[in-house]
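**Student:** kindly return the folded structure for what I paste below:
(2 chains)
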Protein chains: 2
Amino acid sequence: MSDTLTFIEANLGRFRGELYDFLRIPSISAKSEFDAETARSAQWLAERMAAAGLEVEVLPTEGHPVVLGEWRGAGPDAPTVLIYGHYDVQPPEPLQLWTSPPFEPTERDGRIYARGSADDKGQLYMHVKALEAHLATSGSLPVNVVVLAEGEEEIGSPNLVPFVDANVERLACDVVVISDTGMFAEGLPSLLFSLRGLAYFEIHVHGARSDLHSGEFGGALKNPGNVLSQIIASLHDDQGRIAIPGFYDDVLEWDTTTREQIAALPHSDEEFRESLELGALAGEQGFGTLERLWIRPTCDVNGLLCGYTEEGAKTVLPNHAMAKVSFRLVPQQSDARVKELLEAHLREVTPAGVTVELKELHGGRPWKASVEGPYFQAAAEALEEAFGTKPVPMGGGGSIPIVVEFEERLDAPALLVGFSLPGCNLHAPDEWLSVENFEKGIGSLAILYEKLGATGG
Amino acid sequence: MSDTLTFIEANLGRFRGELYDFLRIPSISAKSEFDAETARSAQWLAERMAAAGLEVEVLPTEGHPVVLGEWRGAGPDAPTVLIYGHYDVQPPEPLQLWTSPPFEPTERDGRIYARGSADDKGQLYMHVKALEAHLATSGSLPVNVVVLAEGEEEIGSPNLVPFVDANVERLACDVVVISDTGMFAEGLPSLLFSLRGLAYFEIHVHGARSDLHSGEFGGALKNPGNVLSQIIASLHDDQGRIAIPGFYDDVLEWDTTTREQIAALPHSDEEFRESLELGALAGEQGFGTLERLWIRPTCDVNGLLCGYTEEGAKTVLPNHAMAKVSFRLVPQQSDARVKELLEAHLREVTPAGVTVELKELHGGRPWKASVEGPYFQAAAEALEEAFGTKPVPMGGGGSIPIVVEFEERLDAPALLVGFSLPGCNLHAPDEWLSVENFEKGIGSLAILYEKLGATGG
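**Tutor:** Numbering: from 1, shown residues only, chains lettered A, B, ... in the order given. Below you'll find the predicted structure:
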């Protein structure tokens, strides 16, 4: 193992140069004009994975291809690890806000600036280099490995679940490792213990046959804009809790240990508040900020549209109002159940004189890590060895629905081990990855495979 | 007087032909490309008023000119009547929804279809013809007359109050007569007893420094979209009353007679509801539909805008939300006082973590007619003689702020005597005026001048 780490140390310069080549390919999955570049990105990755010593195939889907790399020489007694990542990136716009060009990786102050550096090419490539280091120094890996890299994560992974379903045997594994998240703070490695789910709706309120004059008709009928506001207001009580009957029935009450670990994290409400330029934070009473972000559900307006919204005064009594409203869900909630509860609530609060229509746009289930098992323990030890400090448990406020899908379809727990840092501008201009984390990350992952191998599958 | 009515009867065909010429001029005040046509409309009207026997001037303003016609031969003992109307019209769009071209008057089923037929060229021209009939048959008028026709009513009369202020002596009068409203129903002449005022605002709720990711940040800060909804919801109670403290302090409680007169009008809630294609009417409890529309104040959302409103699901936590909210006011309310009360209410209901900004866009005071005086009585008698049935009292749900301004600046009561009919498509495609009302209206007004003359000033 020390040979492997020595190999990594000796080759860091080359690794970084290769990563730069990877980052130079504008694999923007959302834009069809970049389809050839996205395909080239898959091909480039496949070649590097093959050079590292994996058996590689580029498998077509209805969209961008899946790159599948395998090495199964560890034998039936060793665990099989599925490594998931993605080689596509977000569009770089607005370009004028980038300090250096998004597809020309540039180092400044110990950071690699480029689209995809943190999300997710840089993190995916750490795995490739960790695998190469093992294979180069010992001719083998401590575990069997399947690397699954997709090219559609940034457009919602439309073809990934069908691909997994069609290849369940081939993807069979003992544990899934994903590096597409971050660390709680610089120097503080982190392991995700949860992700929130999502239930995203449009609420439409319909009134009279047409827009009306607010003078001629105002006062004698329900105004859809007023009713929509009342409906949205009815979704919370004055304690910041969601007021839909039954909503908290499925909300997991977390154990004391997890809540104590969250409370022990180096977090300052004051700094957080100032970073958002807010006069005050807010949220569900009885919970701290990190708890509100990670282990408690939310209900947020994402959009409102009704009537006349241009400059000046138009005295219209609108006949339609629309809100986009989404819920972040926590274990054990499901978006399907939330939809049922919301429908029942809307029936309850909708007054006579309007009709309300509910459209579900998007759903995704929450995830809770298996923090007790040997794999989680292996990851904790690996991160501690590489970073010299115990990793902290961290929740994810956003949603990565594919994590639950992997766990259920492959019957294997997921480990979310990420190396981006707060403020690294995911999906924004000047995205960056810390050089130190790129280098320590490769070492961490090499150690992680070793530790996972030691669990005996 | 019978000579005058005979003259009208004999000349109705010519009057209608002249009106058609007036209606053919596209005097669209809102569009500068039609400025020459708007000026031509003023000139045309001035010539017809001069031909009728008035002394006429076309007086410039900073916008479109005022046409002023005078006849002061009735002597100091006769009352002076200020007749107000406007020669400008709304834009005709959408053109494809007109059955016949908007500026080519066309008769169908006893209606004159053209932009401006009802609002207000047709009604203004009735006055010109009633004056002509008196002057042609007796060489004089029963009253002194000032006709003030403006060309900017459809753009909010920006230059009218300054014009009145600069010409108070010249416009001095005993009573103001305005024909720019309608009748309650066909065959049922009407006199307006009130108009509602207006207080129109934008409410802006500002949150964090920028839009945020609703997963990363949702739950730990106030969402401006949710807060705006709560603010709008707080504007009403569950009885349909406006819940701003102090709001009803200045609301006039109408006398029993007026409420009984309203209740006696031939109105069907069921037909009204069906015409709007609504499942139910709604509004402030304790009042009927016509009361809600005429003598009770309202609070309506006119527009809402926040966050992402296009197709699909964007998980944005918006940092700004905007509502356009307007109040219709009733005597004795004022928009200035409503603004103060709303500001105080917003301070009360705005939670920590957002800032709220209130912008006033538009104001106008409500109006209540002097229904007890001799002028109102004269109008009632004139309408009864011409239509063969007593006129009904009618409220106006919309706002005509200039009415109060005339009354205050000229210290004279206003009579609102209008001849358009429900469904006549003011400001909409296929605007029309009933031929019968055009003809009976001229007679009514001729009789009205006679009756006003008899009051002795």
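**Student:** pop out the phi and psi values for residue A:395.
**Tutor:** phi -100, psi 160 (degrees, to the nearest 10).
**Student:** so what's residue A:193 up against?
**Tutor:** A:258, A:368-369, A:371, A:393-395 (C-beta atoms under 8 Å, 6 or more residues apart in numbering or on different chains). In short, each C-beta sits where N, CA and C put it, glycine included.
**Student:** could you do residue A:306 as well?
**Tutor:** Residues counted as contacts of residue A:306 (C-beta under 8 Å, 6+ apart) are A:224-225, A:228, A:318, A:320-322, B:301, B:303-305.
**Student:** just the residues you listed: which are in helices?
**Tutor:** Under the assignment DSSP state H, the contacts of residue A:306 contribute A:224-225, A:228 to helices.
**Student:** what segments of the stretch 301-450 of chain A are strands?
**Tutor:** A:316-317, A:320-329, A:355-364, A:367-368, A:392-396, A:414-416, A:432-434 (DSSP state E, counting those that start in this stretch).
**Student:** dump those into a markdown table; add distance to residue A:422, mean neighbour count and mean pLDDT as well.
**Tutor:** Below are those laid out as a markdown table (distance: least, C-beta to C-beta, whole Å; neighbours: other C-beta atoms under 10 Å in any protein chain shown; pLDDT from 0 to 100):
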| stretch | distance to residue A:422 | mean neighbour count | mean pLDDT |
| --- | --- | --- | --- |
| strand A:316-317 | 45 | 24 | 94 |
| strand A:320-329 | 19 | 26 | 98 |
| strand A:355-364 | 23 | 16 | 95 |
| strand A:367-368 | 21 | 22 | 96 |
| strand A:392-396 | 11 | 22 | 96 |
| strand A:414-416 | 16 | 25 | 98 |
| strand A:432-434 | 11 | 25 | 98 |
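**Student:** adding distance to chain B, write those out as TSV.
**Tutor:** What follows is the strands of the stretch 301-450 of chain A, written out as TSV (distance: least, C-beta to the nearest C-beta, whole Å):
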stretch	distance to chain B
strand A:316-317	5
strand A:320-329	5
strand A:355-364	4
strand A:367-368	13
strand A:392-396	8
strand A:414-416	14
strand A:432-434	17
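**Student:** let's have those strands in JSON lines, adding distance to residue B:359.
**Tutor:** Output for those, formatted as JSON lines (distance: least, C-beta to C-beta, whole Å):
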{"stretch": "strand A:316-317", "distance to residue B:359": "18"}
{"stretch": "strand A:320-329", "distance to residue B:359": "21"}
{"stretch": "strand A:355-364", "distance to residue B:359": "30"}
{"stretch": "strand A:367-368", "distance to residue B:359": "45"}
{"stretch": "strand A:392-396", "distance to residue B:359": "40"}
{"stretch": "strand A:414-416", "distance to residue B:359": "46"}
{"stretch": "strand A:432-434", "distance to residue B:359": "40"}
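**Student:** between the ones you listed, which gets nearest to residue A:97?
**Tutor:** strand A:432-434 (13.5 Å; C-beta to C-beta).
**Student:** and that closest one, which strands flank it?
**Tutor:** Paired strands of strand A:432-434, with direction, are strand A:111-113 (antiparallel) (DSSP bridges).
**Student:** heading C-terminal from the partner strand, find the next helix or strand.
**Tutor:** On the C-terminal side of strand A:111-113, the nearest following helix or strand under DSSP states H and E is helix A:121-138.
**Student:** can you say which of the strands of the stretch 301-450 of chain A is nearest to residue A:278?
**Tutor:** strand A:320-329 (19.2 Å).
**Student:** in its sheet, what does the closest one sit against?
**Tutor:** Here strand A:320-329 has these sheet partners by DSSP bridges: strand A:197-206 (antiparallel), strand A:298-307 (antiparallel).
**Student:** what residues of the last one count as buried?
**Tutor:** Applying a neighbour-count criterion of 16 or more other C-beta atoms under 10 Å in any protein chain shown, one finds A:298-307 buried in strand A:298-307.
**Student:** turn the residues you listed into TSV, columns for pLDDT.
**Tutor:** Shown next, in TSV, are those (pLDDT from 0 to 100):
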residue	pLDDT
A:298	98
A:299	98
A:300	98
A:301	98
A:302	97
A:303	98
A:304	98
A:305	98
A:306	98
A:307	96
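**Student:** of those residues, closest to residue A:414?
**Tutor:** Among the buried residues of strand A:298-307, and counting by C-beta to C-beta, the member closest to residue A:414 is residue A:298, at 22.9 Å.
**Student:** the closest one bridge partners, please.
**Tutor:** residue A:328.
**Student:** list the contacts of it.
**Tutor:** A:196, A:242, A:292, A:327-328, B:214, B:218-219.
**Student:** now, which of those residues lie within strands?
**Tutor:** Mapping those onto strands (DSSP state E) picks out A:327-328.
**Student:** so which of the contacts of residue A:298 sits lowest on pLDDT?
**Tutor:** Within those, pLDDT reaches its minimum at residue B:214, with 94.
**Student:** pretty sure residue A:148 sits in a helix.
**Tutor:** No - Residue A:148: not assigned to a helix; according to DSSP: H, G, I helix; E, B strand; the rest coil it is strand.
**Student:** pLDDT at the residue nearest to it when sequence neighbours are not counted, what is it?
**Tutor:** Using C-beta to C-beta, 6 or more residues apart in numbering or on different chains and skipping residues adjacent in sequence, the residue nearest residue A:148 is residue A:84, 5.1 Å away. Residue A:84 carries a pLDDT score of 98 in this model.
**Student:** pairing partners for the helix or strand hosting residue A:84, with directions?
**Tutor:** Element membership for residue A:84 (DSSP H and E) is strand A:80-86. Counting by DSSP bridges, the strands paired with strand A:80-86 are strand A:144-150 (parallel), strand A:175-178 (parallel).
**Student:** just how off-centre is the helix or strand following the longest one within its chain?
**Tutor:** Along the chain past strand A:144-150, the next helix or strand (assigned with DSSP H and E) turns out to be helix A:160-166. Its chain's C-alpha centre and that of helix A:160-166 lie 19 Å apart, by C-alpha atoms, centre = their mean, to the nearest Å.
**Student:** which other helices and strands does helix A:160-166 contact?
**Tutor:** helix A:402-410 (3 or more C-beta pairs under 8 Å, 6 or more residues apart in numbering or on different chains; DSSP states H and E).
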